[in-house]
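K.L.:
Fold the following, please.
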Amino acid sequence: MDANKRYQFWLEQLKDKPMLQQKLMMMSKDQIKEAFGQTLAFGTGGVRGKMGLGSNQINIYTIRQITKAYALYLVNNKLTKGVAISYDNRTDSQVFAYEAAKVLAANKVSSFVYSQLRPTPMLSYAVRKLNLSGGIMITASHNPKTDNGYKIYNETGAQLMPEQADLVIKEMANVDNPFAIALSEDRKYIHEIPPQIENEYLQEVEKIKFNESKKQLKMVFSPLHGTGGTVIPKLLEKNGYLIYPYRPQMIVDPDFSATKSSNPEEKIAYEGALAYAKEINADIVFLTDPDADRLGIVVKHQNDFVYLTGNQTAAIELEYILSNKQQKNELPKNGYVFTTIVTTELIKKIARNYQQNVEETLTGFKFIGEKIEGLSDGQFLFGCEESYGSLISAFVRDKDAVQAVYLLAEIANVLHDHDKTLIDYLNEIYAKYGYHLEYTKNISFPGAEAKEKMQSIINNIRETGLHLDNCSIDYYEDYLKGYLFRNNKKAKLQFPKSDVLKYYLSEGSWIVFRPSGTEPKLKIYFSVNANNDIEAKTKLNDLEQQVSKYINRGEKHV
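P.N.:
Purely as a prediction, here's the structure:
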């Protein structure tokens, strides 16, 4: 069915809803193409998209459609123990959560819904603690305020694995009419998550503790209007930390009125909280994204405020965890650290320095969750990815910014007792393991043809190879073909197939090309190691410029 046919179908179906029909009739040709050109597709993190009417946008009808497919998947696979549901602060997130519950109820699937917005890790915890068959998180994570989304979790508390998601996608083909989906408000099937689940989750977080400190550090916290504000300040206050919530962004607000960005990876997201930190002479700023699975940090160091990347934060966490376990003789003989193919090499170096196992996964924390679940004779120690997400304790199976804030508050305060900052600690890590620098370049593709444009670029690289001046490529990995290629020979990769290319340069750097699974972006990851920051920045800048020129040349031919 093409865009115009879908559009006409929606017009007909909404004839008894004049306000919605009027919105449809006011759409331009381009808007119709964008809203109806295709149906919402599952990506690495579920479904995300713009809110609005249409088969390719997030609205109550597409939410019902996705949930119906998920319900069929659950019923047909005899996964009958129920579903936990949580949601963030975005427009209609709570409405969508209860729409999902009503669809599940109509299919005789029980749901357990948080009565108020709560973080993604608490959704994962509820699935595990209540022994359920899965979970739904209504969120668009760190996307712009125009977006919303839908993440599905399996019975382990991790997001659906690709083979499970494929089964849901297959069921979507059997749900072609989003207007014919039955709803039920039968309280036999719709329940609230008991308050003690939140208390038990926070008790588990409080077990993440290595050292006492004087707790004199002044810390500013912002949830960027989202879910972190419901649990993090009271957790830190209860444990004696000097936490100063940035009040304008503590307000639950779908319009994100007091911030220019909901993404801790962007410096503009810190403007308000950082100004407040300077005003009260604070030492550190913590920012969590709207669903509180990612954490960003700014640290006062030598009278300047320094932004930490997700890679740097993860390295600090891991070094602190393993060094303290070593000091306390608590290092396991068979411990495991999990990271991803686009995360800093520091993680592998730190883990191996303490004689621990380290394994890489594809991008997407669900793969780390799968690795944790598969541990039979080993102990989980840490999991992380470059995009500001980490997991310290495996009582949840997704990245958890609540855990991360709690641990980093301890680290920062312990260092403060020794007249050090997190930057001092990071520099000690660099002195120990070598200087590492990473950068992610995002190339956005607006419009209905975004996916095609993005795909044409990576296909061109795959077909013609990557050719850079003054850089020798040692070998490369094509995760779609499933092979490592070196000197005209190939070796099979032990990863699920994914549209990713990774090029290893002879001097130890690497470059990764990966189309985003949730946004119309081509993500290019750079990693370099050098003797110092100046050398690393020079090397990184040169690589980035060369890759940009190469892509621009390629675009003209595709």
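K.L.:
mind giving me the domain split of this protein?
P.N.:
Each structural domain of the chain that the record assigns through automatic domain parsing is listed here as a residue range: 1-37, 44-197, 214-307, 311-433, 435-555.
K.L.:
can you tell which of the ones you listed is closest to residue 207?
P.N.:
With C-beta to C-beta as the criterion, residue 207 lies closest to domain 311-433 of the domains of the chain, at 6.9 Å. (Glycine included, C-beta is placed from N, CA and C.)
K.L.:
What segments of the stretch 401-550 of the chain are strands?
P.N.:
435-444, 473-478, 483-486, 489-492, 501-505, 510-515, 521-530 (DSSP state E, counting those that start in this stretch).
K.L.:
Format these as a markdown table; extra columns: distance to residue 412.
P.N.:
Supplementary listing: the strands of the stretch 401-550 of the chain in a markdown table, determined by distance: least, C-beta to C-beta, whole Å:
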| stretch | distance to residue 412 |
| --- | --- |
| strand 435-444 | 21 |
| strand 473-478 | 37 |
| strand 483-486 | 40 |
| strand 489-492 | 43 |
| strand 501-505 | 34 |
| strand 510-515 | 31 |
| strand 521-530 | 26 |
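K.L.:
These: which one's closest to residue 422?
P.N.:
strand 435-444 (16.0 Å).
K.L.:
what lines up beside the closest one in the sheet?
P.N.:
Pairing partners of strand 435-444, with direction, according to DSSP bridges: strand 521-530 (antiparallel).
K.L.:
which residues sit against the strand it pairs with?
P.N.:
By C-beta atoms under 8 Å, 6 or more residues apart in numbering, the list of residues contacting strand 521-530 from outside reads 342, 344-345, 386, 434-445, 454, 457-458, 508-516, 536, 539-540, 543-544, 547.
K.L.:
In PyMOL, select just the buried ones from those residues.
P.N.:
Burial among those is assessed by 16 or more other C-beta atoms under 10 Å; the matching PyMOL selection reads:
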select buried, resi 342+344+345+386+434+435+436+437+438+439+440+441+443+445+454+457+458+509+510+511+512+513+514+515+516+536+539+540+543+547
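K.L.:
Serialize the domains of the chain to a markdown table and add fields for mean pLDDT and distance to residue 204.
P.N.:
Rendered in a markdown table, the data for these read as follows (pLDDT from 0 to 100; distance: least, C-beta to C-beta, whole Å):
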| stretch | mean pLDDT | distance to residue 204 |
| --- | --- | --- |
| domain 1-37 | 94 | 43 |
| domain 44-197 | 96 | 8 |
| domain 214-307 | 98 | 11 |
| domain 311-433 | 97 | 5 |
| domain 435-555 | 88 | 28 |
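K.L.:
CSV for those, including distance to residue 208?
P.N.:
Conversion of the domains of the chain to CSV gives the following (distance: least, C-beta to C-beta, whole Å):
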stretch, distance to residue 208
domain 1-37, 44
domain 44-197, 12
domain 214-307, 11
domain 311-433, 5
domain 435-555, 25
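K.L.:
Compare those and report which one is nearest to residue 205.
P.N.:
Nearest of these (C-beta to C-beta): domain 311-433, 5.4 Å.
K.L.:
so how far is the closest one from its chain's centroid?
P.N.:
When C-alpha coordinates are averaged (C-alpha atoms, centre = their mean, to the nearest Å), domain 311-433 and its chain have centres 17 Å apart.
K.L.:
try stretch 208-222
P.N.:
25 Å.
K.L.:
And that stretch, end to end?
P.N.:
Taking C-alpha to C-alpha, to the nearest Å, the span from the opening residue of stretch 208-222 to its closing residue is 22 Å.
K.L.:
Quick check: buried residues in it?
P.N.:
For stretch 208-222, the neighbour count (16+ other C-beta under 10 Å) marks 208, 210, 213, 215, 217, 218, 219, 220, 221, 222 as buried.
K.L.:
So the fourth one belongs to a strand, correct?
P.N.:
No. Secondary structure assignment places residue 215 outside any strand; it is coil (DSSP: H, G, I helix; E, B strand; the rest coil).
K.L.:
before we move on, back to that, out of the strands of the stretch 401-550 of the chain, which gets nearest to residue 307?
P.N.:
Closest of the strands of the stretch 401-550 of the chain to residue 307 is strand 435-444, at 12.9 Å (criterion: C-beta to C-beta).
K.L.:
just to confirm, which helix or strand has residue 49 in it?
P.N.:
Here residue 49 is covered by strand 47-50, with elements defined by DSSP states H and E.
K.L.:
roughly how far out does that strand sit from the chain middle?
P.N.:
Mean C-alpha position of strand 47-50 versus that of the full chain (C-alpha atoms, centre = their mean) differs by 14 Å.
K.L.:
Sheet partners, orientation included, of that strand?
P.N.:
According to DSSP bridges, the neighbouring strands of strand 47-50, each with its direction, are strand 147-153 (antiparallel).
K.L.:
what element comes up after the partner strand heading to the C-terminus?
P.N.:
helix 162-172.
K.L.:
partners of the following helix or strand past that next one in the sheet?
P.N.:
For helix 162-172, the succeeding helix or strand toward the C-terminus, using DSSP H and E, is strand 190-192. Strand 190-192 has the following sheet partners, assigned by DSSP bridges: strand 111-113 (parallel).
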